[in-house]
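J.: give me the fold of what follows.
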Amino acid sequence: EYKSYLRKSFYVMLRSFILVSVPVLALSVLRIGFIHSQSRQNNLKYIAEVAKADLESQTGQTVEIITRTFQGNSVRSIVDATCGLVDSEVPIIVSESSSSHTELQIDTSQYYNIPLISSSATNPFLNSESRPYLLTMLSSDYYQSQVIYDFLVEYQYFQVTLMSSTDSYGVNGLIKLNELMGTNPQFHDIQNLYIQGSHTSSRYGDTELNILKDSLARIIVLNCPAINGDVILSKAQKLGLLEKDFLWIVTDSITSQPQFLSKNGVYHPDLEGLIGVTSALLRSKEFYDFKTKYAQLNPANGGSEIGIYEVMSYDALVMSGILLAKLPTVYQRSGASCTSNTTWAEGETVKDRLLSSQSSGITGIIKFSDNGENTRVLYDVMNFKNDIFQTVGTWGNVSRLNISESIIFLGGSKTPPFGSTETLTGTHFRLGVVEEEPFILKRTTGCNGTDCYDGYCIDLVKKLSGDLNFTYEYVQPEDGKFGSKDPLTGKWNGMVADLMNKKTDMITVHLSASSVRKEVIDFSAAFMDAGIVAVVKGESGQNTFFFLSPFSTKVWFFIIACNFVVTALICMLGKLSPYGKYGSKILALQTCICSSCALRRSTLMSAGKSYSDLAEVEHDCLVERDEQSDKLDDLSFFNSIWLITVGLVGQAAESLPYCASARALLFSWWLFILVIISMYTANLTAFLTLSNLGITLNSVKDLLKQNEYRWGLIGSRYPESLLLNNLDKDYIELVNKGEKLRDLNHALET
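T.: Below you'll find the model as predicted:
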């Protein structure tokens, strides 16, 4: 029993020892999380090994760098990798990822109060109040844009094309550069080209590079990930955009990872002369010691591919480990978990210690601002020479730009390119022309070459050639046409086809700038504005009834009809209204109760007298008083016709209606006549001024409704193209039914 008791007591003591000692041992291990893309694993795994060895040597503690990788741009993979580190209870995460990937990682880790140090993110919008647990080793792209801007100003390059990928790295990286150039009036014709699609596509960048090739730009700033930059620069080389007169400036993603530009370790010779910008890498003794250690672990590479991202990752890992070694053990394991949704209460303290700390690394002094940005701002201006980016200058936020070494430019030139095509001295142009007076005329005898041409466009070319010192020759298209697109085959002809097929360098005629043509060629500023007109031969004889032309036949019939209707209404109101002259008589006859009316009327008529002879006699008879006042036939039907008709020419008749209703109607008629006369006068004046007597066409569609006129269109000209591409079938029918004309002379002769 005693032995059994001792055995049980020993087991209890042993279990207690294990429960107590295991956490202590675990807490003595410094854990640091490291996350990066799976495509970077070959390089960065050796960075982690070198950092681990150096940390154990400096701290005397066991160091465990827990690495998680993610695949491509998969959001699920990035979040899972970040959660994997959180579940491993690391107190600090170091990330070597793009800005867009870092954004997902910090939004995940800071939920559990785990600080994240990015060694490669440069998005200026990452560091903000909403991401207090993010610290960045590299300076913001705002500063990189300032370096590029100062370089452009130093060499007086004010006509620039900015090419960028459509991810956050590409777009955000050039925001500041656009702002800076916008404040300087010397910059002009700034062109922004955003490269659409994926770099894995066979047509990636084709559209943007063709636009660049057809433009006058010679200074290009390329801001995109290194793997995208390799595709763009390879295609640019094939298009002749890496030749002597061009200057390409690439950003830190390419300069820090030049291996992406090589094919099996071999760089194309046309890349010699690239200009680059990258965060300054101090070539100190520590750097070369670091390369030696790296080469021992990775002898196949030997440290030749070590760039700013690798070194910044190393500094971030070592800085994190040294800080954790100085903290109590409670801060060396987070206890956070994505699985159980557990946050880390001490995470804020670790973040604050990181912000307030200062350390010395391979890249120099590392100190963070309150918003987590590295306060060290120093850039190198790089020049690709002898298959490597070499430092030729520096830039600091205090010292600004300093070019200390000679620069080799594209094409092996030691002289900076001019920067634009503002000078054409010595350039020879092939100018496409088609004869048409008065713009271009050609003589066939007594002349040679360009001297055989005359006309307005020819004089313009001579003037420009004298001012800009270029030479030229004229080239006529084989089909003699200006150039139009066949709606069925989609092929072009004439001068436009020659320009597209590189048979000419530009077109020198009065070529209409249609939307269809603008899709394939560029136009200069217009030297003439002209609309589309139809020339119609007018009738030689005079129109006897030209005065009727201001109104149509329907309007004239309407006016005449209104004249008779108003006449009838005026006459009727005058007869029937009890307040009219005739109506009042009828009313008197119906209402008079005088017994002597008939006798008095008979006596007066037999004596040959009228009621006016008895003006002084008072009568009780209503009929006699009404007949005495005035004549009763003033507004007969014929008098009414006269009253209304003379109103058409602005005159008034002798007799006017007496009752109020007839007068109101007459006033309305006169008002109507006033408007009609005003419109007639204006239309007649315009009609006589235009002198288009005898032409019955009001629109081009009227040609389809008549047989009097013939019409035609000159082939491969803007009017024909405009009608053929119209949605209205009538316009297409105009082309199909019209005569086919070769040129303007043929049209006039026909």
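J.: where does the stretch 451-600 of the chain have low pLDDT?
T.: 532, 534-543, 578-600 (pLDDT under 70).
J.: not counting its neighbours along the chain, what's nearest residue 688?
T.: Excluding the flanking residues, the one nearest residue 688 by C-beta to C-beta, 6 or more residues apart in numbering is residue 546, at 7.9 Å. All C-beta spots, glycine's among them, are computed from the backbone N, C-alpha and C.
J.: gap between the one you found and residue 213?
T.: Remark: distance between residue 546 and residue 213 (C-beta to C-beta, to the nearest Å) = 62 Å.
J.: tell me how many other residues surround the closest residue to residue 559 other than its chain neighbours.
T.: Nearest non-adjacent residue to residue 559, counting by C-beta to C-beta, 6+ apart: residue 676, 6.7 Å away. Number of residues near residue 676 (other C-beta atoms under 10 Å) recorded here: 15.
J.: is it true that residue 676 touches residue 556?
T.: No. Counting by C-beta atoms under 8 Å, residue 676 stays clear of residue 556, with 10.6 Å between them.
J.: pretty sure residue 71 sits against residue 38.
T.: Yes. Counting by C-beta under 8 Å, residue 38 is a contact partner of residue 71 at 5.3 Å.
J.: tell me which residue is most central in this structure.
T.: residue 192 (10.1 Å; C-alpha atoms, centre = their mean).
J.: partners of the nearest residue to residue 85 once chain neighbours are set aside in the sheet?
T.: Residue nearest to residue 85 in three dimensions, not counting chain neighbours: residue 33, with 3.7 Å by C-beta to C-beta, 6+ apart. Here residue 33 sits in beta bridges with residue 66, residue 93, as judged by DSSP bridges.
J.: against residue 426, how distant is residue 33?
T.: 62 Å.
J.: which ones are touching residue 430?
T.: 472-473, 475, 503-505 (C-beta atoms under 8 Å, 6 or more residues apart in numbering).
J.: got phi/psi on residue 492?
T.: Geometry field for residue 492 lists phi and psi as phi -100, psi 160, criterion degrees, to the nearest 10.
J.: my read is that it contacts residue 498, right?
T.: No. Under the criterion of C-beta under 8 Å, residue 492 is not in contact with residue 498, lying 9.1 Å apart.
J.: distance check, the residue nearest to residue 85 against residue 69.
T.: Using C-beta to C-beta, residue 33 is found at 12 Å from residue 69.
J.: more neighbours: these two, which one.
T.: For residue 33 versus residue 69, the count of surrounding residues by other C-beta under 10 Å is larger for residue 33: 29 against 18.
J.: surely that one meets residue 87?
T.: No. Residue 33 is beyond contact range of residue 87, at 10.3 Å (criterion: C-beta under 8 Å).
J.: residues in contact with whichever helix or strand residue 390 is part of?
T.: Using DSSP states H and E, residue 390 sits in strand 388-396. For strand 388-396, contacts defined as C-beta under 8 Å, 6+ apart pick out 146-147, 150, 255, 258, 274, 276-278, 280, 377-384, 401-407.
J.: could you export it as CSV, CA atoms only?
T.: The C-alpha trace of strand 388-396 is given here as CSV (Å, rounded to 0.1, in the frame of the first residue of the first chain):
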residue,chain,number,x,y,z
ILE,A,388,21.6,45.1,-63.7
PHE,A,389,19.9,48.1,-62.3
GLN,A,390,22.7,50.4,-61.0
THR,A,391,22.4,53.4,-58.8
VAL,A,392,23.0,56.7,-60.7
GLY,A,393,21.4,59.1,-58.2
THR,A,394,19.5,59.5,-55.0
TRP,A,395,16.5,61.4,-53.7
GLY,A,396,15.6,62.3,-50.1
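J.: that strand - what's its average pLDDT?
T.: Mean pLDDT, computed over strand 388-396, is 92.
J.: and stretch 200-213, which residues are buried?
T.: Buried residues in stretch 200-213, counted by 16 or more other C-beta atoms under 10 Å: 204-205, 208-209, 212.
J.: straight-line length of that stretch, end to end?
T.: Stretch 200-213 has an end-to-end distance of 22 Å (criterion: C-alpha to C-alpha, to the nearest Å).
J.: centre of the chain to that stretch, how far?
T.: 18 Å (C-alpha atoms, centre = their mean, to the nearest Å).
J.: again with stretch 478-498
T.: Offset of stretch 478-498 from its chain centre (C-alpha atoms, centre = their mean): 29 Å.
J.: then stretch 723-732?
T.: The answer for stretch 723-732 is 29 Å, by C-alpha atoms, centre = their mean.
J.: now do it: everything it contacts.
T.: So stretch 723-732 is contacted by 487, 516, 700-701, 704, 713, 722, 734-735 (C-beta under 8 Å, 6+ apart).
J.: okay, these in a markdown table with neighbour count, distance to residue 524 and secondary structure next?
T.: Shown next, in a markdown table, are the contacts of stretch 723-732 (neighbours: other C-beta atoms under 10 Å; distance: C-beta to C-beta, whole Å; DSSP: H, G, I helix; E, B strand; the rest coil):
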| residue | neighbour count | distance to residue 524 | secondary structure |
| --- | --- | --- | --- |
| 487 | 11 | 27 | coil |
| 516 | 16 | 18 | helix |
| 700 | 15 | 30 | helix |
| 701 | 13 | 34 | helix |
| 704 | 12 | 37 | helix |
| 713 | 19 | 26 | strand |
| 722 | 18 | 21 | helix |
| 734 | 21 | 31 | helix |
| 735 | 19 | 29 | helix |
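J.: farthest pair in the residues you listed?
T.: Using C-beta to C-beta, the contacts of stretch 723-732 reach their maximum pairwise distance at 516 and 704, which is 24.2 Å.
J.: picking that back up, any idea which element the residue nearest to residue 559 lies in?
T.: helix 660-690.
J.: buried residues, that helix. List them.
T.: 661-662, 665-666, 669, 673, 680, 684.
J.: of the residues you listed, which one scores lowest on pLDDT?
T.: Among these, residue 662 has the lowest pLDDT, at 79.
J.: do I have it right that it meets residue 576?
T.: No. In this structure, residue 662 is not within contact of residue 576 by C-beta under 8 Å, at 9.9 Å.
J.: list residues touching both of the two?
T.: Common neighbours of residue 662 and residue 576 (C-beta under 8 Å, 6+ apart) do not exist.
J.: buried residues in stretch 176-183?
T.: 176-177, 180-181.
J.: could you dump it to CSV, C-alpha only?
T.: Backbone C-alpha positions of stretch 176-183 (Å, rounded to 0.1, in the frame of the first residue of the first chain) are rendered in CSV as follows:
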residue,chain,number,x,y,z
LYS,A,176,0.3,61.9,-56.8
LEU,A,177,2.3,62.2,-60.1
ASN,A,178,-0.8,63.4,-61.9
GLU,A,179,-1.5,65.9,-59.1
LEU,A,180,2.1,67.2,-59.3
MET,A,181,2.1,67.6,-63.0
GLY,A,182,-1.3,69.3,-62.8
THR,A,183,0.1,72.1,-60.7
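J.: ok, residues contacting it?
T.: Under the contact criterion C-beta under 8 Å, 6+ apart, stretch 176-183 has outside partners 124, 141-142, 145-146, 148-149, 152, 160, 162, 187, 190, 192, 221.
J.: okay, how far is it across stretch 122-137, tip to tip?
T.: Terminal residues of stretch 122-137 lie 9 Å apart, using C-alpha to C-alpha.
J.: ranges for the strands of the stretch 151-300 of the chain?
T.: Along the stretch 151-300 of the chain, counting by DSSP state E, counting those that start in this stretch, strands occupy 160-165, 191-195, 219-223, 247-250, 275-279.
J.: nearest to residue 645, of the contacts of stretch 723-732?
T.: Nearest member of those to residue 645, counting by C-beta to C-beta, is residue 701, at 39.3 Å.
J.: okay, and residue 47 sits in which element?
T.: Here residue 47 is covered by helix 41-59, with elements defined by DSSP H and E.
J.: pull out the buried positions in that helix.
T.: For helix 41-59, a neighbour-count test (16+ other C-beta under 10 Å) marks 43-52, 54-55, 59 as buried.
J.: out of these, flag the one nearest to residue 269.
T.: residue 43 (26.1 Å).
J.: residues contacting residue 547?
T.: Counting by C-beta under 8 Å, 6+ apart, residue 547 has contacts residue 684.
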